[in-house]
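1. here is my input; please provide its structure:
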Amino acid sequence: VQLVESGGGLVQPGGSLRLSCAGSGRVFSYYNLAWYRQSPGSQRELVAEINTGVGSRQVKSYAESVKGRFTISREESNDIVSLQMNDLKPEASVVHYCNANVGGINSWGQGTQVTVAS
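-> Numbers count the residues shown, from 1 in each chain. The predicted model follows:
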């Protein structure tokens, strides 16, 4: 599956951004989806993930540092996974990546830069 992120940019501390990731090439609903972020010289860090479940079987999980501020969602009709980020802090000033996983095989987008600064 091919993934293309959008929605990054510059925002003030405490502000909000919504990242989106559009998938193509495969049936999106088969994939567990996630957002990661990576600072230079560091490993990619899992921010949020959402499984393939529907309704009560859908499971979302978040890194402790973003719980209560970020929300991950998926739109099967448009093959999009989004990350709503509220109350952004300077440590979010890194590249954010969309991830799709099925059967242990990962696909990645090219990344989108988020900068949180006054």
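
2. shaky segments in this protein?
-> Nowhere does the chain drop to pLDDT under 70.

3. check the gap between the residue in it sticking out farthest from the centre and V81 for me.
-> Within the chain, the residue lying farthest from the chain centre (CA atoms, centre = their mean) is S118, at 23.4 Å. Distance of S118 to V81, computed by CB to CB, to the nearest Å: 30 Å. Every C-beta, even on glycine, is put in place using the N, C-alpha and C of the backbone.

4. then R44?
-> Distance of R44 to V81, given as CB to CB: 16 Å.

5. and these two? which has more neighbours close in?
-> Neighbours were counted for R44 and for V81 using other CB atoms under 10 Å; V81 has more, 29 against 17.

6. V114 contacts G15, correct?
-> No: here V114 does not reach G15: they are 10.5 Å apart, not a contact under CB atoms under 8 Å.

7. overlap of the contact sets of those two?
-> Jointly contacting V114 and G15 under the rule CB atoms under 8 Å, 6 or more residues apart in numbering are L88.

8. the two: which has the busier surroundings?
-> Neighbours were counted for V114 and for G15 using other CB under 10 Å; V114 has more, 21 against 12.

9. A strand includes the more buried one, no?
-> Yes: counting by DSSP: H, G, I helix; E, B strand; the rest coil, V114 is part of a strand.

10. over to the residue nearest the centre of the chain: give its phi and psi.
-> Residue closest to the average C-alpha location in the chain (CA atoms, centre = their mean): W35, at 2.7 Å. When quoted as degrees, to the nearest 10, the phi and psi of W35 stand at phi -120, psi 130.

11. check the one 4 residues further on too.
-> Dihedral angles phi and psi of S39 (degrees, to the nearest 10) take the values phi -100, psi 160.

12. likewise S56?
-> As for S56, its main-chain torsions (degrees, to the nearest 10) stand at phi -70, psi -10.
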